[in-house]
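**Student:** need the 3D shape of this:
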Amino acid sequence: MTDNHFKFSNTIIGLPVFFVLILWIIYWIQIRFDFDFYQNGIYPRDFSGLQGVLFSPFIHENLNHLYNNSIPLVVLLPALQFFYSKQSVGVIGYGILFSGLITWLIGRENYHIGASGLIYVLVSFIFFKGIQTRYYRLVALSFAVILLYGGMIWYVFPDVDQNISWEGHLGGFITGFGLSLCYKAPEYAKPIVYDWQRHDFDPAQDPFMKHFDENGNFINTENPDEETEIISTYFNSDVSVNYVITKTESEDK
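**Tutor:** Residues are numbered from 1 along each chain as shown. The predicted structure is shown next:
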């Protein structure tokens, strides 16, 4: 992962805030004009219910439902945008599509609405992708996500809460894992290995190191007959500095 990969920009915060703002505007329109958007949610195994695959993440039942989905999105979307900038659009787009289709296939005969399916996509993708890369920053992000949202795993099982769409949660979790396998891991920079760190490094052949012995003392390889002396002194500092003074015989002597 190059240094340019982890680069902050206004879109890291701007796009997630804009996405969440759309959710709140849609909910305000629903309340203000008494629109019934629930019928635009996912209705399983019904052809007209397929529209909910695209629309359901933007529809919420009440203010508490919207609030509980907004907070994780404000956290997870910037994390995705920052650490997986090249994959973020695909993860969000395909995440909404495939998690919705899974919900449409396995869901109970009721309208399924809310952005929680997308939240499970983000949690699942960030966690599994970070573990797969084995890159320390992304692994740390995976653990942070589990620390914050690990308890969500219980809501992918039936009968935990009849008022939630566990099918949407399960669909999001499966989709996030699948996307983590499909998307190529971000390329990260390999650690710099200097010549002196290589196992086949020979100090005697190095143009610089050959001027020093095994104790770090300077060796005058050009004029071996010259006398050298190491003097330790302090130069306006608390750090000891070694200076090399070379004595040569004058030709006129």
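**Student:** do a quick rundown of the helices in the stretch 51-200 of the chain.
**Tutor:** For the stretch 51-200 of the chain, the helices defined by DSSP state H, counting those that start in this stretch occupy 52-55, 63-83, 88-106, 116-133, 136-149, 166-182.
**Student:** you'd agree Leu179 is up against Gly95?
**Tutor:** Yes. Proximity of Leu179 to Gly95 meets the contact threshold set by C-beta atoms under 8 Å, at 6.5 Å. Placement of C-beta: from N, CA and C, glycine included.
**Student:** return the most buried member of the helices of the stretch 51-200 of the chain.
**Tutor:** Comparing the helices of the stretch 51-200 of the chain by mean neighbour count (mean count of other C-beta atoms under 10 Å), helix 116-133 ranks first with a mean of 25.
**Student:** which strands and helices lie in contact with that helix?
**Tutor:** The contact analysis (3 or more C-beta pairs under 8 Å, 6 or more residues apart in numbering; DSSP states H and E) places helix 116-133 against helix 63-83, helix 88-106, helix 136-149, helix 166-182.
**Student:** so it versus helix 166-182, what angle?
**Tutor:** Using axes from the mean of the first three to the mean of the last three C-alpha atoms, to 10 degrees, one finds that helix 116-133 and helix 166-182 are set 30 degrees apart in direction.
**Student:** out of the helices of the stretch 51-200 of the chain, nearest to Tyr27?
**Tutor:** Checking the helices of the stretch 51-200 of the chain against Tyr27 by C-beta to C-beta gives helix 63-83 as the closest, at 5.3 Å.
**Student:** only alpha carbons, please: show stretch 20-33 as CSV.
**Tutor:** Provided in CSV are the C-alpha atoms of stretch 20-33 (Å, rounded to 0.1, in the frame of the first residue of the first chain):
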residue,chain,number,x,y,z
VAL,A,20,-26.7,10.1,5.4
LEU,A,21,-28.3,13.5,4.7
ILE,A,22,-30.2,11.9,1.8
LEU,A,23,-31.7,9.4,4.2
TRP,A,24,-32.8,12.2,6.6
ILE,A,25,-34.3,14.2,3.7
ILE,A,26,-36.3,11.2,2.4
TYR,A,27,-37.6,10.6,5.9
TRP,A,28,-38.5,14.3,6.3
ILE,A,29,-40.5,14.1,3.0
GLN,A,30,-42.2,11.0,4.2
ILE,A,31,-43.3,12.6,7.4
ARG,A,32,-44.0,16.1,6.0
PHE,A,33,-46.2,15.0,3.1
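**Student:** domain map for this protein?
**Tutor:** Domain assignment for the chain by automatic domain parsing gives 10-182, 195-247.
**Student:** turn these into CSV, columns for mean pLDDT.
**Tutor:** As requested, the domains of the chain are exported to CSV (pLDDT from 0 to 100):
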stretch, mean pLDDT
domain 10-182, 94
domain 195-247, 58
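**Student:** before we move on, the earlier item: which neighbours do Leu179 and Gly95 share?
**Tutor:** The contact sets of Leu179 and Gly95 overlap at 121, 125 (C-beta atoms under 8 Å, 6 or more residues apart in numbering).
**Student:** confidence score at Lys253?
**Tutor:** On pLDDT, Lys253 comes in at 48.
**Student:** circling back: tabulate the helices and strands packed on helix 116-133 (JSON lines), appending distance to Leu23.
**Tutor:** Output for the helices and strands packed on helix 116-133, formatted as JSON lines (distance: least, C-beta to C-beta, whole Å):
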{"stretch": "helix 63-83", "distance to Leu23": "6"}
{"stretch": "helix 88-106", "distance to Leu23": "13"}
{"stretch": "helix 136-149", "distance to Leu23": "18"}
{"stretch": "helix 166-182", "distance to Leu23": "15"}
